[in-house]
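Asks: Structure, please.
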Amino acid sequence: MRPRPTAVARLLALSALIVIGCGGPGGGRDCPFETPVCPDPQPSYTGEVGAIIQTYCVGCHGPGGQEANRPFGTWQDINSHGYAGPMQRQLLACLMPPADAPQPSDAQKQILIGWLTCGAPNN
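Replies: Numbering: from 1, shown residues only. Below you'll find the predicted structure:
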């Protein structure tokens with residue numbers, strides 16, 4: 001016979017689900033993004049996505065940055081290391097860029113999320 005969870009255990013489990021559902025620490029902060037579909041036309045890496053990544057991501061995810069071990073400097077960096085999925089999850093949870101870093105506009109985030117949803121094409 002399994003022991004029944006106490007009220008405290010149930011409350012802790014519910015709290016954990018709420019934190020996970022809201023993106024954890026820092027997540028949920030005015031986070032309007034939902035799981036998107038691939039837009040038509042697809043956002044272009046060379047036309048817009050690369051510039052967004054250079055402006056808002058490479059400072060940390062580039063040479064000398066605190067996350068240099070996860071480089072985002074080029075499409076090849078992102079593709080060869082399989083970073084598209086993790087990037088998309090971080091953006092959808094509003095965990096990246098960090099709250100204390102410069103923020104792309106909602107339109108720029110939508111472009112980046114759309115590009116990632118389309119499979120992060122080298123276009």
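
Asks: next SSE after the worst-scoring helix or strand of the chain on mean pLDDT?
Replies: Within the chain, confidence by mean pLDDT, DSSP states H and E is lowest for helix 7-21 among all helices and strands, at a mean of 37. Following helix 7-21 in sequence order, the next helix or strand is helix 50-56 (DSSP states H and E).

Asks: Tell me which helix or strand comes right after that following helix.
Replies: Using DSSP H and E, the helix or strand that follows helix 50-56 towards the C-terminus is helix 75-80.

Asks: Flag every buried residue along that next one.
Replies: Residues Trp75, Asp77, Ile78 are the ones in helix 75-80 that count as buried (16 or more other Cβ atoms under 10 Å). The C-beta positions use only the backbone N, C-alpha and C, and glycine is treated the same way.

Asks: now stretch 93-108
Replies: Residues of stretch 93-108 classed as buried: Ala93, Cys94, Leu95, Met96, Pro97, Pro104, Gln108 (neighbour count, 16+ other Cβ under 10 Å).

Asks: The third one: which element?
Replies: Going back to what we said before, that points to Leu95. When the helices and strands are read off by DSSP H and E, none of them contains Leu95.
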